[in-house]
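In: Sharing a model prediction with you, sequence too.
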Amino acid sequence: MVLAMVNGVLTSIALETVVLSKQMSFGSAFKTACGMSLISMLAMEAAMNAVDVAVTGGATLTFWVIPLMLIVGFLTPLPYNYWRLKALGIACH
């Protein structure tokens, strides 16, 4: 599970850095991507892995559990992202 979380975070940061580097310098893009993703991605990955373990009884990825994992993974970081956007006025870009 730790490997899945690390891969998810690194993939997200890499993709966001590439996308943002078209709008800003590479260093700024990397810093922005790290700030955008870290907490949200860790929460999402932890929730998805927890659902997988709770439903299947272990880290056994099956096709029927994937939709449930995706729903939980989407809903988990929403409160943090909403707070970051509304309360702090900090947008991702």
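Out: Ah, there it is.

In: switch to C-alpha atoms for all contacts and neighbour counts from now on
Out: Fine.

In: Point out the other helices and strands that the lengthiest helix in the chain packs with.
Out: Longest helix in the chain, counting residues (DSSP state H): helix 26-56. Under the contact definition 3 or more Cα pairs under 8 Å, 6 or more residues apart in numbering; DSSP states H and E, helix 26-56 sits against helix 2-20, helix 66-75.

In: buried stuff in it?
Out: By neighbour count with 16 or more other Cα atoms under 10 Å, helix 26-56 contains the buried residues 29-30, 32-34, 36-37, 40-52.

In: returning to that earlier point: show me the least confident stretch of the helices and strands packed on helix 26-56, going by mean pLDDT.
Out: Here the helices and strands packed on helix 26-56 differ in mean pLDDT, and the lowest is helix 2-20 at a mean of 88.

In: Contacts for that one, please.
Out: Here helix 2-20 makes contact (Cα atoms under 8 Å, 6 or more residues apart in numbering) with 26, 29-30, 32-34, 37-38, 41-42, 45-46.

In: Which of these scores worst on pLDDT?
Out: Across the set of the contacts of helix 2-20, Ser37 stands lowest in pLDDT, at 73.

In: What distance do you get for that one to Glu16?
Out: Computed as Cα to Cα, to the nearest Å, the Ser37 to Glu16 distance reads 9 Å.

In: Hmm, Thr76 is touching Glu45, no?
Out: No: the criterion here is Cα atoms under 8 Å, and Thr76 misses it with Glu45 at 9.3 Å.

In: Contact partners for the spatially closest residue to Thr60 that is not a sequence neighbour?
Out: Of all residues not flanking Thr60 in the chain, Asp52 sits nearest, at 6.9 Å (Cα to Cα, 6 or more residues apart in numbering). Counting by Cα under 8 Å, 6+ apart, Asp52 makes contact with 58-61, 65, 69.

In: Report pLDDT for Lys22.
Out: Confidence for Lys22, expressed as pLDDT, is 91.

In: Three-state assignment for it, please.
Out: coil (DSSP: H, G, I helix; E, B strand; the rest coil).

In: coming back round to it: now do the residue nearest to Thr60 against Gln23, distance only.
Out: 37 Å.

In: What residues does the one residue sitting closest to the centre of the chain make contact with?
Out: Geometric centre of the chain, nearest residue: Met41, 2.2 Å, by Cα atoms, centre = their mean. When contacts are counted by Cα under 8 Å, 6+ apart, Met41 is found next to 8-9, 12, 77.
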